[in-house]
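Asks: kindly generate the corresponding structure for this input.
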Amino acid sequence: MTLASRRIALLLCALPLLACGTTGQQTGGGPEGASGELTIFAAASLTEGFTELGTRFEQANPGVTVRLSFAGSGALVHQLAEGAPADVLATADVPTMDRAVDAGVVAQDPVLFAANRLRIAVPPDNPADVEGLEDLAEAGNTVALCAAEVPCGAATAAVFDVAELTPAPDTEEQDVKAVLTKVVLGEADAGLVYRTDVGSAGETVVGIDFPESQDVVNDYPIALVEDAPQAGLAESFIEFVRSARGTEVLTELGFEAP
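Replies: This is a model prediction of the structure:
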């Protein structure tokens, strides 16, 4: 299947009532009498959402333990390509999932389940008086950004292209949570993170919207891993993530529909 065909499949399967698999979507239940350990590889920006979804899935399936591994999407794909065992992969953008498909580490066409946008995060006192993206292009400010090879880094490059600005980062991190940590600790005057990360940080940061973010959206795909040890449970978890209950959890954290 071509990359274009896969993207069409992603968009179609993102609609929860189409015939891409809906069993158990309202309850979060797995196969009757299900038990065992379900291993989920998920993008770092999904930490809060998938932790909650994992807990709810365990509650609906008392014999199941959900083991979550969060990291940059590219690192997760690399781990799978090197033989790391997992059941489900969720990435923070489509191009990274495309690489997983091309590497043969996922067993089916991925489906979209959420979307996210960037937001500027600054310390509560905003010491550099950051107001917009142009302030992240000034050499005098300490700026943390995601590295170009990870999804939040690709989105960062895209918003700067839209703004016709050149970023001036002091540090480039391998996942969005590392950027957020720099701001929370006061090691950066500003960082570009997802809007969901600003929400998860509570009062430790302040979020600043900027118009260019409306032009750059990261769609999040999820897929069954090839040779998943718990394929049946994995399919049920994917259905649960895409269900009304799963969507509600993610929406409350600031994710959008894909």
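Asks: give me phi/psi at residue 104?
Replies: Per-residue torsions, residue 104: phi 70, psi 20 (degrees, to the nearest 10).
Asks: quick check: closest non-adjacent residue to it.
Replies: residue 226 (6.2 Å; Cβ to Cβ, 6 or more residues apart in numbering). C-betas here are computed from N, CA, C, even on glycine.
Asks: now do the same contact list for residue 199.
Replies: Neighbour list for residue 199: 207, 253, 254 [criterion: Cβ atoms under 8 Å, 6 or more residues apart in numbering].
Asks: oh, that last question was meant for residue 131, not what I typed.
Replies: Counting by Cβ under 8 Å, 6+ apart, residue 131 touches residue 208.
Asks: quick check: the gap between it and residue 177.
Replies: Distance, residue 131 to residue 177, by Cβ to Cβ, to the nearest Å: 25 Å.
Asks: partners of the helix or strand where residue 42 lies, with directions?
Replies: Using DSSP states H and E, residue 42 sits in strand 36-43. Take DSSP bridges as the rule and strand 36-43 pairs in its sheet with strand 64-71 (parallel), strand 88-90 (parallel).
Asks: check which element follows it along the chain.
Replies: Strand 36-43 is succeeded, C-terminally, by helix 47-60 (DSSP H and E).
Asks: relative to strand 64-71, how tilted is that following helix?
Replies: Helix 47-60 and strand 64-71 are oriented at 170 degrees to each other (axes from the mean of the first three to the mean of the last three Cα atoms, to 10 degrees).
Asks: helix 47-60: how far from the chain's middle?
Replies: Mean C-alpha position of helix 47-60 versus that of the full chain (Cα atoms, centre = their mean, to the nearest Å) differs by 15 Å.
Asks: determine the set of other helices and strands touching that helix.
Replies: Counting by 3 or more Cβ pairs under 8 Å, 6 or more residues apart in numbering; DSSP states H and E, the packing neighbours recorded for helix 47-60 are strand 36-43, strand 64-71, helix 195-200, helix 231-242, helix 244-252.
Asks: care to break this protein down by domain?
Replies: According to automatic domain parsing, the chain comprises the domains 3-114+220-252, 118-215.
Asks: which stretches of the stretch 1-150 of the chain form strands?
Replies: 36-43, 64-71, 88-90, 111-116, 118-122, 143-146 (DSSP state E, counting those that start in this stretch).
Asks: pairing partners for the last one, with directions?
Replies: Translated: strand 143-146. As assigned by DSSP bridges, strand 143-146 forms pairs with strand 171-173 (parallel), strand 190-194 (parallel).
Asks: doesn't residue 186 lie inside a helix?
Replies: No. Counting by DSSP: H, G, I helix; E, B strand; the rest coil, residue 186 is not found in a helix; it is coil.
Asks: from residue 69, how far out is residue 209?
Replies: 31 Å.
Asks: now residue 86
Replies: 7 Å.
Asks: again with residue 223
Replies: Distance, residue 223 to residue 69, by Cβ to Cβ: 15 Å.
Asks: compare the two and say which is more crowded by neighbours.
Replies: Applying other Cβ atoms under 10 Å to residue 223 and residue 69 shows that residue 223 carries more neighbours, namely 23 against 14.
Asks: per-residue pLDDT of that one, please?
Replies: Listed pLDDT for residue 223 reads 98.
Asks: derive a ChimeraX selection command for the buried subset of the contacts of residue 199.
Replies: A single ChimeraX command selects the buried members of those (16 or more other Cβ atoms under 10 Å):
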select :253,254
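Asks: between the contacts of residue 199, which is closest to residue 80?
Replies: The nearest member of these to residue 80, counting by Cβ to Cβ, is residue 253 at 25.2 Å.
Asks: hang on, that closest one packs against residue 48?
Replies: Yes. Between residue 253 and residue 48 there is a contact under Cβ atoms under 8 Å: 5.7 Å.
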